[in-house]
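S.K.: Here is my input, please return the structure:
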Amino acid sequence: MMARNRVICRAVDVTKRYWRGKVAVDALRGVSLEIKSNDYVSIMGVSGSGKSTLIHILSCLDTPTSGEYYLEDKLVSNYTDEELARVRNTFFGFVFQSFSLLPRLTALDNVALPLIYAGTKKQDRILRAQEILEKIGLGDRMSHRPNEMSGGECQRVAIGRALVNNPRVIFADEPTGNLDSKTGAEIMEILDRLVDEGNTVVMVTHDSSLAAHAKKTVKLKDGMIEND
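M.R.: Numbers count the residues shown, from 1 in each chain. Got it, this is the predicted structure:
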């Protein structure tokens, strides 16, 4: 586990401009933000505020139009394509509202998937995925496929997949959006526990009650940080 309070992600005056035909759309307008190890950050904002764009840049799924973005003091624009692919697979873990599990794979195989891309040996993949599934309370569901599990169980599998490579940062994009309130509360308990164990979680949500779980809330409006 990394030393706590060490800066992992640092965005400096980041902008993002898209073009819709001849019309420029400024999704981010000079955003500066630091994420430290063991942070629990919620990013809030109405639709169109820029929060999805910000998450895509923070997780290296997109690049800024201007400004600088650093991972542990290394400028991301200096990364090669191969380095970026490795960063996305091992530096970050992702939890999506829609679960994004592969329907033909078992819970065990879905969790182990990032380890294949990391080049981990099969036996080590299996052992690590089993360990993670036991940790998140799905030890008895390892051989089940997504259509044989509840929504809450599928989201637990998605969290397991996000954890399997021991990522520096876990990004959770509306992690309870497709769940009922009771199941959503159970998922939030898991995220809370991960932070208590020293993990770093960045959560996108429009729900202020979920944002209240975080230690810090960043509110975006019209592509700028309104409140931090």
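
S.K.: in the longest helix along the chain, what's buried?
M.R.: In the chain, taking DSSP state H as the definition, the longest helix is helix 181-196. For helix 181-196, the neighbour count (16 or more other Cβ atoms under 10 Å) marks 183-184, 187-188, 190-191, 194-195 as buried. C-beta: built from backbone N, CA, C; applies to glycine.

S.K.: dump the residue contacts of Lys135.
M.R.: Taking Cβ atoms under 8 Å, 6 or more residues apart in numbering as the contact definition, Lys135 lies against 160, 163.

S.K.: any idea how far it lies from Ser37?
M.R.: Per Cβ to Cβ, to the nearest Å, Lys135 is found 20 Å from Ser37.

S.K.: List phi and psi for the residue nearest the centre of the chain.
M.R.: The chain has Phe171 as the residue nearest its centroid, 1.4 Å off, counting by Cα atoms, centre = their mean. Backbone torsions of Phe171, given as degrees, to the nearest 10, read phi -100, psi 120.

S.K.: tell me the contacts of it?
M.R.: If you count contacts by Cβ under 8 Å, 6+ apart, Phe171 has them with 55, 58-59, 92-95, 202-204.

S.K.: Bridge partners for it, pull those for me.
M.R.: Beta-bridge partners recorded for Phe171 (DSSP bridges): Phe94, Val202.

S.K.: The chain should start at 48 in everything you say after this.
M.R.: Shifting the count to begin at 48 puts that one at Phe218.

S.K.: From Met189, how far out is it?
M.R.: 25 Å.

S.K.: Also Ala205?
M.R.: In terms of Cβ to Cβ, Ala205 sits 15 Å off from Met189.

S.K.: Look at these two and report which has more neighbours.
M.R.: The residue with more neighbours, out of Ala205 and Met189, is Ala205; 26 against 17, by other Cβ atoms under 10 Å.

S.K.: list the helices and strands the helix or strand hosting that one packs on?
M.R.: For Ala205, the host element (DSSP states H and E) is helix 198-210. Of the remaining helices and strands, those touching helix 198-210 by 3 or more Cβ pairs under 8 Å, 6 or more residues apart in numbering; DSSP states H and E are strand 139-143, helix 154-164, helix 169-182, strand 216-220, helix 228-243.

S.K.: Make sure Leu162 is actually in contact with Asn212.
M.R.: Yes. Counting by Cβ atoms under 8 Å, Leu162 touches Asn212, with 6.8 Å between them.
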